[in-house]
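[1] I'd like to go over a predicted model; first the sequence, then the structure.
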Amino acid sequence: MDVLVVDHPLAQSRLTAMRDARTDSATFRAALHELSTMLAYEAARSFAAEKYPVQTPVATAQGTKLANPPLIVPVLRAGLGMADAVLALLPESSMGFVGLARDEHTFEPRAYMESLPADLRGLPVLVLDPMLATGGSLEHCCRLLVDRGCTDITVLSVICAPEGIARLEGSGLPIRLVTASVDERLNEQMFIVPGLGDAGDRQFGGM
Ligand code: PRP
């Protein structure tokens, strides 16, 4: 599995704000929004582009557009905080949704919502979830996509645990990962260490 770590200092400064336990919800959401723009920008570098002629006020120039804008799929709840920023960069894209909550005892994802096109053949998909911990949630989401014929998945995740990366790698699913950090490990509660806590709760409050 290809893993791209975006170590740009502006991305790392937003990640630092998100890690800081003193950061309030509004500031956390703003940092996640800005960091999502940067992750999507880096992810899109390898997207196929198409050339077409464009008339400037002076002459004809060669223009560029995305050949195949991806479907954007935020994983609810926490991925919602990335959605606006990514859709703004990719305005031709459409959006699907997957709702997952991790069981606090088994740590396995419980699916409560899915809204996806039935046929994803030939359509690249950009999955948004700030955290890859055990990898159960993203593996579940990516299987839903592959079951619909998707063969090209890019996951944008702010922070990852090595255990989650290994799980996605072992799944054999067609995934590329773009992240701001591969952290040290998971703790006994399956939280990423040092991590940033729970990205859903820090944006929207505890349930
Ligand atoms: C968090 C996070 C990921 C998942 C990561 O969501 O946003 O979706 O856990 O854990 P995993 O890799 O071990 O599956 P959570 O279940 O807390 O739901 P929320 O987004 O609604 O807060």
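    Happy to help now that I have it.
[2] so where's the protein uncertain?
    Scanning the chain for pLDDT under 70 picks out the ranges 207.
[3] Tell me the residues of it that contact the ligand?
    Proximity of the chain to the ligand (Cβ under 6 Å from any ligand atom) is limited to residues 75, 77-78, 100-102, 107, 109, 129-137, 164, 190, 198-200. All C-beta spots, glycine's among them, are computed from the backbone N, C-alpha and C.
[4] Pull out the buried members of those residues.
    75, 77-78, 100, 102, 109, 129-137, 164, 190, 198-200 (16 or more other Cβ atoms under 10 Å).
[5] re the thing from before, the residues of the chain next to the ligand in strands, which ones?
    If you go by DSSP state E, the residues of the chain next to the ligand have 75, 100-102, 109, 131-132 in strands.
[6] Right, and the ligand sits closest to which residue of this protein?
    Proximity of the chain to the ligand (Cβ to the nearest ligand atom) peaks at residue 200, 2.0 Å away.
[7] Can you give me the end-to-end span of stretch 123-136?
    Stretch 123-136 has its terminal residues 23 Å apart, counting by Cα to Cα, to the nearest Å.
[8] Is residue 82 located within a helix, as I assumed?
    Yes. Assessed with DSSP: H, G, I helix; E, B strand; the rest coil, residue 82 lies in a helix.
[9] Would you mind measuring from it to residue 51?
    30 Å (Cβ to Cβ, to the nearest Å).
[10] Comparing those two, which residue is more hemmed in?
    More crowded of residue 82 and residue 51, by other Cβ atoms under 10 Å: residue 82, with 28 against 10.
[11] excluding its backbone neighbours, what's nearest residue 126?
    Closest residue to residue 126 apart from its sequence neighbours, by Cβ to Cβ, 6 or more residues apart in numbering: residue 70 at 4.5 Å.
[12] And for residue 163?
    Residue 163 sits nearest to residue 186 (Cβ to Cβ, 6+ apart), 5.3 Å away.
[13] Look at the residue of the chain positioned farthest from its centre and give its secondary structure.
    Distance from the C-alpha centroid of the chain peaks at residue 58, with 40.4 Å (Cα atoms, centre = their mean). Following three-state DSSP, residue 58 is assigned to coil.
[14] same check, this time on the one 4 residues further on
    Taking three-state DSSP as the rule, one finds residue 62 in the strand state.
[15] Leaving out the residues flanking it, which one is nearest to it?
    Nearest one to residue 62, counting by Cβ to Cβ, 6+ apart, is residue 51 at 5.4 Å.
[16] wait, is the one you found part of a strand?
    Yes. Using three-state DSSP, the assignment for residue 51 is a strand.
[17] OK, contacts around it?
    With contacts defined as Cβ atoms under 8 Å, 6 or more residues apart in numbering, residue 51 is in contact with 62-64.
[18] Most neighbours of all the residues you listed, which one?
    Counting by other Cβ under 10 Å, top hit in these: residue 63 with 13 neighbours.
[19] can you give me the helices in this protein?
    9-19, 25-44, 80-89, 136-147, 162-171, 199-204 (DSSP state H).
[20] buried sites along the longest one?
    Residues of helix 25-44 classed as buried under the neighbour-count rule (16+ other Cβ under 10 Å) are 28-33, 35-44.
[21] what does the fifth one give?
    Counting neighbours by 16+ other Cβ under 10 Å, one finds that the buried residues in helix 162-171 are 164-165, 167-168, 171.
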